[in-house]
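> Fold the following, please.
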Amino acid sequence: MMTDDKKKIIGQALARVVARAKSGFDQIPVGLMAAGSELGQAELLEGGRQAQAEDPRLKVVAIGPRRPGYEDLDWLETDEDEAGVAQALDTALSEGRIQGAVALHYPFPLGVTTIGRVVTPARGRPLLLASTTGTAAAQTGPALVLNAVFGRAVARSLGLKTPTLGLLNIVGASQALRALTSLKEAGYPLEFGASGRADGGALLRGNDLLNPAVDICLCDSLTGNVLMKLFGAWHTGGAYEALGWGYGPSVGPGWKRVVSIISRASGAPVVAGALRFTAAAIRGGLPEKAAEEMAAAEKAGLTAALSGLAPAQRSTDENDVKAPPARPTEEEIHGVDVLDIEAAVTCLWRDGLYAESAMGCTGPVVKVPRDALEAAKSCLKRHNFI
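Prediction:
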């Protein structure tokens, strides 16, 4: 007797066969979170329609309340509740109905980040920003090093064989540059670019982003998030992001999902760009490229390089604290500094409250069970985490 799972797999395979017969090639289904925009649902859907017109190999699956007039898009219909839309998107990814997604928010686990792409005003050339949401590591130095690895993976998925990179001159950049140089000397195939300023070097000034001087700019995710907004909306007054490809696809060690982020102010052109960016990353095998990059970096001494950048361990018994039995975490607590996120989780564990760390689009979050939310908030307030 055929199970429901087998029926679902056969149905998905038949749908791909039909799509290929109609178009002459395989189409990549990419989900679009079609609710929650400050610009209205139609702005999102117009972006989906534009993306399909620009890339016939892309099939947009709108996830949200169905809107008349957009029958040319596939639909996964939900009510207007954003939590329900997010759950439907997650389920569609798990079941394989979509191969990737563009979302307005997604709680990535710590270690997973997104690599954005912007249009630079001086020459109109694209620039990858590594990274823009989530975070590759809790500390800036290790995050910058990992952003180089993940930025290269995204660049290679787009077809750039030897992308050049530089580090925005922020706190931790000099130390990260030393670590990256040691990886390069040990055989990791990094290609540093150079600042256009007189003193050159791989540490970039703001001027170098406008030109740009490199293919990939490394920065912490909060700085990258600000840069994305500036590059996307500098000529519109800020309320409408009109340029670029959005905050980019997710990447991390062992992470298989290609989930790209847009903001609630992203206009149709950016939505379309994000969908095409996501499809290109899927076609380019982003998760596989990330695994290749991690393996090459590990061979060149990545673990030792990261350890050298990490701050000293706290002289407390935090390392001996064990997590309580795992439970579903339906609620999020915001306001914990990224440098304190793991300590906050440990604090809750010590009080017998199960918790997990994650990164949302606005910064770090502590995820807790719904029935433990108030107790967790009280604990974090008592210990000055929030």
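> Show me the domain layout of the chain.
With automatic domain parsing as the criterion, the domains of the chain are listed as 7-103, 108-309, 318-382.
> CSV for those, including mean pLDDT and mean neighbour count?
All C-beta spots, glycine's among them, are computed from the backbone N, C-alpha and C. Below are the domains of the chain laid out as CSV (pLDDT from 0 to 100; neighbours: other CB atoms under 10 Å):
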stretch, mean pLDDT, mean neighbour count
domain 7-103, 87, 18
domain 108-309, 96, 21
domain 318-382, 89, 17
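> Met228: what's it in contact with?
Shown in contact with Met228 (CB atoms under 8 Å, 6 or more residues apart in numbering): 116, 118, 129, 132, 244, 246-247, 263.
> tell me which of those residues is nearest to His105?
Lowest distance from His105 to the contacts of Met228 (CB to CB) belongs to Ser263, with 9.1 Å.
> Could you find the closest non-adjacent residue to that closest one?
Glu241 (6.3 Å; CB to CB, 6 or more residues apart in numbering).
> which among the contacts of Met228 gets closest to Ala274?
If you rank the contacts of Met228 by distance to Ala274 using CB to CB, Gly246 comes first, at 3.3 Å.
> Okay, the closest one and Ala103: tell me how far apart.
10 Å (CB to CB, to the nearest Å).
> Repeat that for Lys229.
Remark: distance between Lys229 and Ala103 (CB to CB) = 17 Å.
> ok, back up a step: which neighbours do Gly246 and Ala103 share?
Common neighbours of Gly246 and Ala103 (criterion: CB under 8 Å, 6+ apart): 260-262.
> ranges for the strands of the stretch 101-250 of the chain?
Using DSSP state E, counting those that start in this stretch, the strands of the stretch 101-250 of the chain run over 108-109, 113-119, 126-134, 165-168, 203-204, 216-218, 248-251.
> Now tabulate those strands in TSV and tack on distance to Glu80.
Formatted as TSV, the strands of the stretch 101-250 of the chain follow (distance: least, CB to CB, whole Å):
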stretch	distance to Glu80
strand 108-109	24
strand 113-119	26
strand 126-134	24
strand 165-168	39
strand 203-204	43
strand 216-218	37
strand 248-251	25
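> where exactly do the helices run in the protein?
Applying DSSP state H to the chain gives helices spanning 4-23, 41-54, 82-95, 140-157, 173-185, 206-210, 221-233, 268-283, 286-299, 302-309, 341-350, 373-382.
> what's the angle from the last one to helix 341-350?
Inter-element angle recorded for helix 373-382 and helix 341-350: 120 degrees (by axes from the mean of the first three to the mean of the last three CA atoms, to 10 degrees).
> Repeat that for the third one.
Between the direction of helix 82-95 and that of helix 341-350, the angle (the same axes, to 10 degrees) works out to 100 degrees.
> Mind exporting the C-alpha coordinates of helix 82-95 to CSV?
Listed next in CSV are the C-alpha coordinates belonging to helix 82-95 (Å, rounded to 0.1, in the frame of the first residue of the first chain):
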residue,chain,number,x,y,z
GLU,A,82,2.5,35.9,10.1
ALA,A,83,3.4,33.0,12.4
GLY,A,84,1.2,30.8,10.2
VAL,A,85,2.9,32.0,7.1
ALA,A,86,6.3,31.4,8.6
GLN,A,87,5.3,27.9,9.6
ALA,A,88,3.9,27.1,6.2
LEU,A,89,7.2,28.3,4.6
ASP,A,90,9.2,26.1,7.0
THR,A,91,7.0,23.1,6.3
ALA,A,92,7.3,23.6,2.5
LEU,A,93,11.1,23.6,2.8
SER,A,94,11.0,20.4,4.9
GLU,A,95,8.7,18.6,2.6
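> what packs against it?
Helix 82-95 is packed against strand 28-33, strand 58-64, strand 74-77, strand 100-103, with contacts defined by 3 or more CB pairs under 8 Å, 6 or more residues apart in numbering; DSSP states H and E.
> what do you get for the fifth one?
Contact here means 3+ CB pairs under 8 Å, 6+ apart; on that basis helix 173-185 packs against helix 140-157, strand 165-168, strand 203-204, helix 302-309.
> Now do it: everything it contacts.
For helix 173-185, contacts defined as CB under 8 Å, 6+ apart pick out 140-141, 144-145, 148, 167, 190, 192, 202-203, 218, 297, 300-302, 305-306, 308-309.
> contacts for stretch 270-283?
With CB under 8 Å, 6+ apart as the test, stretch 270-283 has contacts from 28, 30, 32, 43-44, 46-48, 50-51, 54-55, 57-58, 60, 99-102, 117, 154, 157-158, 232, 241-249, 258, 260-262, 266.
> Any idea how far that stretch is from the middle of the chain?
Put simply, stretch 270-283 sits 13 Å off its chain's centre (CA atoms, centre = their mean, to the nearest Å).
> Stretch 285-296 too?
Chain-centre distance of stretch 285-296: 15 Å, with CA atoms, centre = their mean.
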